[in-house]
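Asker: Pasting the sequence and the predicted coordinates here, then a few questions.
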Amino acid sequence: MKNMNQYLIASDLDGTFFGSNSVLVPRNLEAIQRFRENGGIFCLSTGRDRAVLEGVFPEAEKIVNGYYDYLTTRKVYEMTTQMVQQ
């Protein structure tokens, strides 16, 4: 895989990163891990708030190296600084 340090992927969860049954798709997880290993930034953009997200996707903190975008509360959580911006 080429250097991906100029790329950012922002993904929804339901029906996008998760499969149709709201289950984590191993192939997606592996692809994101390779993407990150090659310099890419992976973000989540979801209508779920952080507490709900952590309940349904506890692995998120290990996978996301960019931002969480909480659309319903209009907040952005930056993973590296662990700060919330409104």
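Answerer: Structure's in. What do you need?
Asker: alpha carbons only for contacts and neighbour counts from here, please
Answerer: Fine.
Asker: Would you map the strands across the protein?
Answerer: Secondary structure of the chain (DSSP state E): strands located at 8-11, 41-46, 67-70, 75-78, 83-85.
Asker: any idea how far the second one is from the chain center?
Answerer: Once both centres are worked out by Cα atoms, centre = their mean, to the nearest Å, strand 41-46 turns out to sit 3 Å from its chain's centre.
Asker: where's Tyr7 relative to Arg50, distance?
Answerer: 24 Å (Cα to Cα, to the nearest Å).
Asker: again, but for Val25
Answerer: Separation of Val25 from Arg50 (Cα to Cα): 21 Å.
Asker: what does Ile63 give?
Answerer: Ile63 is 15 Å from Arg50, by Cα to Cα.
Asker: Name all residues that make contact with Ile41.
Answerer: Asn5, Tyr7, Leu8, Ile9, Phe35, Val64, Asn65, Gly66 (Cα atoms under 8 Å, 6 or more residues apart in numbering).
Asker: Can you pick out the residue with more neighbours from Tyr7 and Arg50?
Answerer: Higher neighbour count among Tyr7 and Arg50: Arg50, with 16 against 12, using other Cα atoms under 10 Å.
Asker: biggest helix in this protein by residues?
Answerer: helix 26-37 (DSSP state H).
Asker: For the nearest residue to Arg36 once chain neighbours are set aside, grab the count of nearby residues.
Answerer: Nearest non-adjacent residue to Arg36, counting by Cα to Cα, 6 or more residues apart in numbering: Phe42, 7.0 Å away. The number of residues packed near Phe42 is 20, by other Cα under 10 Å.
Asker: Quickly note the distance from Phe42 to Asn5.
Answerer: Going from Phe42 to Asn5 by Cα to Cα gives 11 Å.
Asker: do the same with Glu59
Answerer: 22 Å.
Asker: again with Leu53
Answerer: Distance from Leu53 to Asn5, by Cα to Cα: 26 Å.
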